[in-house]
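Asker: below is the structure, and that's it, no one-letter string:
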């Protein structure tokens, strides 16, 4: 409600099928927009999901720097003042095996 009053949008993005996300959203009574990046490269482009090859190098680019966290998926958030769009990347998966690249 406070974001809307300031003309700011907020959306969650998760790498799981949309029907699973919407069921979870409904069960928790959440109202914020939630979209799926299932089946596309959004999380990889946003540098919050990493391929096996990237992880094998020992470092990945995350949160504007190289890191040795070693996870295939990490949370992220961004805000663009030009568009006033806030985005949160939430690592929720359908199954661990189904999301491996």
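Answerer: Right, received. Where do you want to start? Because the structure is a prediction, the values reported are computed rather than measured.
Asker: packing partners for the lengthiest helix in the chain?
Answerer: The helix that spans the most residues within the chain, counting by DSSP state H, is helix 18-28. On a contact count with 3 or more C-beta pairs under 8 Å, 6 or more residues apart in numbering; DSSP states H and E, helix 18-28 meets strand 33-36. Where C-beta positions appear, they are placed from N, C-alpha and C, glycine not excepted.
Asker: what pairs with the strand it packs on, parallel or antiparallel?
Answerer: Strand 33-36 pairs in its sheet with strand 9-14 (parallel), by DSSP bridges.
Asker: next, the buried residues of the strand it pairs with.
Answerer: 10, 12-14 (16 or more other C-beta atoms under 10 Å).
Asker: what's the answer for stretch 65-78, then?
Answerer: Taking 16+ other C-beta under 10 Å as the criterion, stretch 65-78 shows 72-74, 76 as buried.
Asker: and the pLDDT at residue 45?
Answerer: Model confidence at residue 45, given as pLDDT, is 89.
Asker: burial count for it?
Answerer: 10 (other C-beta atoms under 10 Å).
Asker: just want the angle from the longest helix of the chain to strand 9-14.
Answerer: 120 degrees (axes from the mean of the first three to the mean of the last three C-alpha atoms, to 10 degrees).
Asker: buried residues in helix 18-28?
Answerer: Applying 16+ other C-beta under 10 Å to helix 18-28 flags 20-21, 25 as buried.
Asker: for residue 57, what are its contacts?
Answerer: Residue 57 makes no contacts at all, as judged by C-beta atoms under 8 Å, 6 or more residues apart in numbering.
Asker: please report the distance of it from residue 66.
Answerer: Going from residue 57 to residue 66 by C-beta to C-beta, to the nearest Å gives 10 Å.
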